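Engineer: predicted model, plus sequence, below.
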Amino acid sequence: DQSHTFIDLLPGTYLVSELVPDGWLLDDITCDGGSPVENGNAVSVTLAGGDDVTCAFSNVAQDTTAPDTTLTGQPTNPSNSANATFDFNSDDANATFECQIDGGGWTPCTSPQSYTGLSEGSHTFQVRATDAAGNTDPTPASYTWVIDTTGPTVTINQAAGQADPDVYKRQPKELTRARR
């Protein structure tokens, strides 16, 4: 914290600001005396004759660490469902999230995130976290899977010279128990 006291100033309005050092953010400005009004990184102070004012500036270290995003639940691969649900979290409990599917653009989302009516084929889901300082995960969590809702087609080919299997009818056999 730093404070500055201004004395013997003429009546009027003064703009008091601080040049915040690199790597730091202005956290708070408080002034006693005069009529202070905060204005971003400065304070406007109106003084009457004989007023003295002391302004204190509080700074905090700037958060430059991006959160990490983790997928904790996703559909199986391959999947036979046109619907998909994803669960995710971040190492920053206060992070917000953005999701995108198939490169369609980032949109705000929350966990779990669900999609319905997806087409057959390959899909990619991505999610990224952003912390309160505005740092965004540069390596979004990503999952690629294939949707295949078409059932398999089975063809049985009869070998040359083999009897037609439809000719044979399975007859129940009578079981008898041997006596001892």
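Structural biologist: Yes, it's here.
Engineer: give me the pLDDT for the closest residue in space to Phe6 that isn't next to it in sequence.
Structural biologist: Using Cβ to Cβ, 6 or more residues apart in numbering and skipping the chain neighbours, the partner closest in space to Phe6 is Val53 (5.4 Å). C-beta: built from backbone N, CA, C; applies to glycine. With respect to pLDDT, Val53 scores 81.
Engineer: again, but for Ala163
Structural biologist: On the pLDDT scale, Ala163 gets 68.
Engineer: check Asp87 too.
Structural biologist: 98.
Engineer: show me the shaky parts of the protein.
Structural biologist: 1-3, 163-180 (pLDDT under 70).
Engineer: how about Ser17, what does it touch?
Structural biologist: 41-43 (Cβ atoms under 8 Å, 6 or more residues apart in numbering).
Engineer: about what we covered before: the residue nearest to Phe6 touches Thr30, doesn't it?
Structural biologist: No - look at Val53 against Thr30 with Cβ atoms under 8 Å: they stay out of range, at 10.8 Å.
Engineer: between those two, which is the more surrounded one?
Structural biologist: Neighbours were counted for Val53 and for Thr30 using other Cβ atoms under 10 Å; Val53 has more, 21 against 14.
Engineer: for that one, what are its contacts?
Structural biologist: Val53 neighbours (Cβ under 8 Å, 6+ apart): 5-6, 9, 16, 31-34, 36, 45, 47.
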